[in-house]
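> following is a predicted model, sequence given first.
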Number of protein chains: 2
Amino acid sequence: MSHDTLSPEFEAVVAAAASAAPAFAATSPEDRARAIVAVADALEGAKERLVAIAMRETGLTEARLSGEVTRTAVQLRLFADTLVDGGYLDVRIDPADDDFALGVRPDVRRTHLPLGPVINFSASNFPFAFSVMGGDSASILAAGCPLIVKAHSGHPDLSDATAEVAAEALAAAGMPDGVFQLIHGREAGVAVLKDPRIKAGAFTGSIGAGRLLADIAASRPAPIPFYGELGSVNPVFITADAIAERTDEIASGYLASVSGSAGQLCTKPGFAFIPEGSALPDAIRAAAGELPEHRLLDPRIARSFAERRDAILASPGVRPVIEGGVRIDEQGQGWATPTVVAVSLDDFRRGKEALVEEAFGPLSILVETPQGTDLAALLPEFTEGNLTGTLHLSSEETTGETANAAELRALVDAISQQVGRVLFNGWSTGVAVTPAQQHGGPWPATTNDSSTSVGTSAIKRFLRPVAYQNAPAAFLPEALRDDNPLGVPQAVAPAGASKSWGREL
Amino acid sequence: MSHDTLSPEFEAVVAAAASAAPAFAATSPEDRARAIVAVADALEGAKERLVAIAMRETGLTEARLSGEVTRTAVQLRLFADTLVDGGYLDVRIDPADDDFALGVRPDVRRTHLPLGPVINFSASNFPFAFSVMGGDSASILAAGCPLIVKAHSGHPDLSDATAEVAAEALAAAGMPDGVFQLIHGREAGVAVLKDPRIKAGAFTGSIGAGRLLADIAASRPAPIPFYGELGSVNPVFITADAIAERTDEIASGYLASVSGSAGQLCTKPGFAFIPEGSALPDAIRAAAGELPEHRLLDPRIARSFAERRDAILASPGVRPVIEGGVRIDEQGQGWATPTVVAVSLDDFRRGKEALVEEAFGPLSILVETPQGTDLAALLPEFTEGNLTGTLHLSSEETTGETANAAELRALVDAISQQVGRVLFNGWSTGVAVTPAQQHGGPWPATTNDSSTSVGTSAIKRFLRPVAYQNAPAAFLPEALRDDNPLGVPQAVAPAGASKSWGREL
């Protein structure tokens, strides 16, 4: 094992994480849960101070950032409960069976163990909820894996301040040294990801950076899982009847979803497919009024957004519905007002190259489809994997008993094939932090569409199944013991049942 | 999307799989389960004919192959039951909650959908259980994914004959055309794996081939999961007291595990760590007697085994316990009798390069460790990831109350870090096909240690989570409906509970 790419500073970080791994894995679920709750409490206690730093570094509003701290704390508490519940361990116990269909079956018991040290590359656009102590970090710590966070360069001071609060809370709660460390710098992050002692990576960011890191993880001498959440354009489909029924509500909902946080959300609706000649574009224009300027996260994002916006506006047949704009100030910071454009399906097809890629910022494209367009067939033609897909239906259409029901069902199936979350009559921004949540989707929405980065299933990314065969009670992990001291759900496959497998069908 | 690497023949195969995907995904769990049971019944019905072909092509014994057909059928039936039970869908329902900790929570429901077409590269050493209709295929079909099997070149006729039996059963059970197809040829397999319509790969075979295919899957324009089960040396640790208590039983068990199926099993114990000066080597020599020759699977494996055996015997300090041998006949087929060697820990360390790599065939190495050796510390020094790790203890030691208990517990922890299955007082060959089974482990045992290729969890590899937000009943997948027509387990996170998350700790 060669660690020669690591400078002494980062060698010490990885060594500390590696040496903390056994002790952290051995902490009781309750102790780990209490430590995670202590982090939540400490973050909320420091909210005012942290939000002030975040406002300066990111340009996001106080209301948004303050809400994000609460969300982050709730998320940590949810993982604490998940941990104590123990259902995530998916414990299975198959007792020895002398009458097994294939001869004698030994006693086999299966649980999940933490992977070991994990590096989490934090995001620019959620300085709390997908950053130092965000959802990925919460699930890594809950799983019992030592955590190394690579700070996002867009909010270094906030990262340091958050890390200090969290490290103090973890230490006070008795967690071993080395369970949580913060590093800065892209090269350091890459070097750590390559280290053989690191067992998984998590990431939220761009397709370019995510692909680069995923390729590094996959090409290591010992490859490791890499859970990246990358780009998404989140298509929306709005029926003629839905528009007829609630034009203004849809117009204002769409506009709020496109422009909130200056459109810098991975779930921003990038495209809305609407019927040709509908009243929606005018209603959106009317709803817009005088929209205020919002600062973009950092100069790089501002430049990239300005370029994407220019390219989209210059694509043949693209008509501004709300012109909006972006100006770069003397410090290089960008200030944007929302842009909404409309384009016919034909012109969208012709301009696909320029139009289809994600525009990270407050911009969205209305694609006007002729009556009778097969939207389900259209979908694979235009979009790859997405985090979300949304359908707006009229109240009659929601019953599934209208003339177009089969068509709508086919569209829902087509959307389901492409996304991690299918929404009805709502907007994809604002991801509920709740056990059933799925925040993921086929490439390029994520590098790994079997997982989620929001919701309690997120913890599974950092665990590895291990079975114990004929283990004496003294050597079994607690979760697998007959006396079940942790009180976790245990699924038992009773002896004597195997000869009836498949026989009841 | 360019499919230009596919010849017309394989283009037709992939197109058929892709066009079968929606219809197959839409089959009811019961119908799919019945079809899988029909395959099991058909294989057992054709057992005599299939075993005869397999004997000719693989050199494995009739008893072994006949048992393998039964195992394969039981495995299919287990997946049929898994499918109908529906627990594998991990259904979660979070009803709308006006009193949610972060504002109003929408109704969010999460289930799992099939990934789409999957290619499965079958194995040489299990012509039934890890081949055309083996465990990977069973879990792919159970998940509702169209299956393309790449036949192993070692048993082409058996692959064709098995495929014919399976295809007929699937068609008779009403499954759509294109849900199961067989292809031959390594280049064809690689071209199919690269096709954008293929959504995952499965593989059982060598580290070299597995790494090659895993790298192809990871470097596609849209990367896909690749579940490969590769190489493993399956370390065994035997205490002095265990040997003292049951020398002959351990000797004969070890020998049977090393020599069964001519040692061509991924779970063959490649190394046993035993105390210096123990009676075990003599007992093994005595138990061996006159062991019969067993044909190796194919000429390539025979040549490779002969080379590895020579290199191991030539390594300084290596002493034959049972010399064994391998001869290559006029057809190039290899015939082997088991080889067991012993080596001191020092010489093992010195000869590591030559010794540590898997020898696929009937050969195992006894490493004699001086009293007081810290075996837990030794483990990471010698072995990478493994499918299994085994501990043989005396009856007193199993109580966990002997003087060396802490040491043994540390060894169990160290083994757990390296393997997918930890065994006590048994042998790693003979993997029980049972819900709790874990057949996997850290690289290079597998390409992806979060999964298993035996046991009911194997189905999870071919599914993708999707959440539905505020979906009208008419558009919800059946598993998510309130009236639960499939009768699947549904985990509900009740409204009103979120404000107490993390508060009971």
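Arrived safely. Numbers count the residues shown, from 1 in each chain, chains lettered A, B, ... in the order given.

> C-alpha only now, for contacts and for neighbours.
Noted.

> enumerate the residues of the stretch 101-250 of chain A near chain B.
Among all residues of the stretch 101-250 of chain A, those adjacent to chain B (criterion: Cα under 8 Å from any Cα of the partner chain) are A:101-102, A:105-106, A:108-110, A:215, A:218-219, A:222-225.

> mind checking the longest helix of chain A?
If you go by DSSP state H, chain A has its longest helix at helix A:62-85.

> give me the buried positions along that one.
A:65-85 (16 or more other Cα atoms under 10 Å in any protein chain shown).

> filter those residues down to the ones close to chain B.
Checking the buried residues of helix A:62-85 against chain B by Cα under 8 Å from any Cα, the ones in range are A:70-71, A:74, A:77-78, A:80-81.

> output the contacting helices and strands for the helix or strand hosting residue A:211.
Taking DSSP states H and E as the criterion, the element that holds residue A:211 is helix A:207-219. Applying 3 or more Cα pairs under 8 Å, 6 or more residues apart in numbering or on different chains; DSSP states H and E, one finds that helix A:207-219 makes contact with helix A:186-194, strand A:200-204, strand A:226-229, helix B:207-219.

> what about residue A:504, neighbour count?
Per other Cα atoms under 10 Å in any protein chain shown, the neighbour tally for residue A:504 reads 8.

> run through the strands of the stretch 401-505 of chain A in chain order.
In order along the chain, the stretch 401-505 of chain A carries the following strands (DSSP state E, counting those that start in this stretch): A:421-424, A:463-469, A:490-492.

> do the stretch 251-400 of chain A as well
Using DSSP E, counting those that start in this stretch, the strands of the stretch 251-400 of chain A run over A:271-275, A:294-295, A:319-322, A:325-328, A:334-337, A:339-344, A:363-369, A:388-392.

> can you redo the ones you listed as a markdown table with mean pLDDT, mean neighbour count and distance to residue B:150?
Formatted as a markdown table, the strands of the stretch 251-400 of chain A follow (pLDDT from 0 to 100; neighbours: other Cα atoms under 10 Å in any protein chain shown; distance: least, Cα to Cα, whole Å):
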| stretch | mean pLDDT | mean neighbour count | distance to residue B:150 |
| --- | --- | --- | --- |
| strand A:271-275 | 98 | 24 | 40 |
| strand A:294-295 | 96 | 22 | 54 |
| strand A:319-322 | 98 | 19 | 51 |
| strand A:325-328 | 95 | 18 | 54 |
| strand A:334-337 | 97 | 23 | 54 |
| strand A:339-344 | 98 | 23 | 45 |
| strand A:363-369 | 98 | 25 | 42 |
| strand A:388-392 | 98 | 27 | 34 |
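
> most tightly surrounded among the helices and strands packed on helix A:207-219?
Of all the helices and strands packed on helix A:207-219, strand A:226-229 carries the top mean neighbour count, a mean of 28, counting by mean count of other Cα atoms under 10 Å in any protein chain shown.

> low-confidence ranges, chain A, go.
Low-confidence segments of chain A, defined by pLDDT under 70, are located at A:1-5.

> if we can go back for a sec, closest one to residue B:138 among the strands of the stretch 401-505 of chain A?
The closest of those to residue B:138 is strand A:463-469. By Cα to Cα, the value is 20.3 Å.

> now what about that closest one, what contacts it?
A:106-115, A:143, A:476, B:416, B:419-424, B:436-438, B:449-452 (Cα atoms under 8 Å, 6 or more residues apart in numbering or on different chains).

> now, those that are in helices?
The subset of the contacts of strand A:463-469 that ends up in helices is A:143, B:416, with DSSP H as the criterion.

> list buried residues within the contacts of strand A:463-469.
Burial of the contacts of strand A:463-469 was assessed by neighbour count (16+ other Cα under 10 Å); the buried members are A:106-115, A:143, A:476, B:416, B:419-424, B:436-438, B:449-452.

> one step back: any chance of the strands of the stretch 251-400 of chain A in JSON lines, plus distance to residue A:29?
What follows is the strands of the stretch 251-400 of chain A, written out as JSON lines (distance: least, Cα to Cα, whole Å):
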{"stretch": "strand A:271-275", "distance to residue A:29": "44"}
{"stretch": "strand A:294-295", "distance to residue A:29": "42"}
{"stretch": "strand A:319-322", "distance to residue A:29": "52"}
{"stretch": "strand A:325-328", "distance to residue A:29": "49"}
{"stretch": "strand A:334-337", "distance to residue A:29": "45"}
{"stretch": "strand A:339-344", "distance to residue A:29": "48"}
{"stretch": "strand A:363-369", "distance to residue A:29": "45"}
{"stretch": "strand A:388-392", "distance to residue A:29": "33"}
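
> for chain B, which of those is the nearest?
Set against chain B and scored by Cα to the nearest Cα, those come closest in strand A:388-392, at 9.2 Å.

> what's the angle between that closest one and strand A:271-275?
Interaxial angle of strand A:388-392 relative to strand A:271-275 (axes from the mean of the first three to the mean of the last three Cα atoms, to 10 degrees): 20 degrees.

> ok, strand A:388-392: who's next to it in the sheet?
With DSSP bridges as the test, strand A:388-392 is paired with strand A:236-238 (parallel), strand A:421-424 (parallel).

> coming back round to it: could I get the helices and strands packed on helix A:207-219 as JSON lines with distance to residue B:316?
Listed next are the helices and strands packed on helix A:207-219 as JSON lines, based on distance: least, Cα to Cα, whole Å:
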{"stretch": "helix A:186-194", "distance to residue B:316": "34"}
{"stretch": "strand A:200-204", "distance to residue B:316": "38"}
{"stretch": "strand A:226-229", "distance to residue B:316": "41"}
{"stretch": "helix B:207-219", "distance to residue B:316": "26"}
